[in-house]
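[1] Quick check, what structure comes out for this input:
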Amino acid sequence: MNKELKFIITSIWILFTRWFDAFSTYRHTPDLGKEANPLVSIFGFGWTPLLVVIVVLSIYVIYAYYLATFQTFNLVPSEKGYSFSHFIGYVYTGKKQSWVSLFYKFPKDLNRLNHFVGQLLSGCLVFAGFLSTIMWLLINYTEFYKSIHSAPMIYLILIIGSIYISYRWFKNIYNEYLTFVR
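    Reported below is the predicted structural model:
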């Protein structure tokens, strides 16, 4: 599949699944009383701020995905000898450091952040779209699922899936790095 078509399909999928999730949430809990999203359940967001955050983040991820798809930016180090842990830290921050830096540092280079988000988080949003769409279809059209559905289960699947997607992405580019830098 060429990159233009992949970009269009991915962008439409992200927008459609975010819309479908919001629409289904509204149908299920118009007052957000049963909503498990932490923005609602912990921070008390109503519909307007929740939708603003979802729309802004979705548009940013699609914009970053556009940059990552159609502009060249090298996220990997040019020096050899990076461990997998330090490689992950470098891809994210542009400096040799442990993968743990993902949790407490922020890239100083906005271009690096945009390409990182575009390449990695677009895939995670695609996965989240599949998960939320399947969840809502099961809630709306089956009886068995309603008895086993829980927010912790959905969030656990989302987290495990996103970690797997991230690990696979890092491992693929790390293997390319090992091939080309040696």
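[2] So Gly129 sits against Ile12, correct?
    No: assessed by C-beta atoms under 8 Å, Gly129 is found out of contact with Ile12, at 10.4 Å. Any C-beta I mention is one placed from the backbone N, CA and C, and that applies to glycine too.
[3] Neighbour count for those two, which is higher?
    Gly129 (21 against 11; other C-beta atoms under 10 Å).
[4] How about the more buried one, nearest residue that isn't a chain neighbour?
    Thr17 (2.9 Å; C-beta to C-beta, 6 or more residues apart in numbering).
[5] how many neighbours does that neighbour have?
    Using other C-beta under 10 Å: Thr17 sits among 21 other residues.
[6] Please identify the helix or strand for it.
    Assessed by DSSP states H and E, Thr17 sits inside helix 3-28.
[7] Flag every buried residue along that helix.
    7, 10-11, 13-15, 17-18, 21-22, 24-25 (16 or more other C-beta atoms under 10 Å).
[8] again with stretch 92-111
    Residues 92-94, 97, 99, 101-102, 107 are the ones in stretch 92-111 that count as buried (16+ other C-beta under 10 Å).
[9] Can you check what pLDDT the model gives Val181?
    Note on Val181: pLDDT of 69.
[10] which one of the buried residues of stretch 92-111 is nearest Pro30?
    Leu102 (36.8 Å; C-beta to C-beta).
[11] Done for today, thanks.
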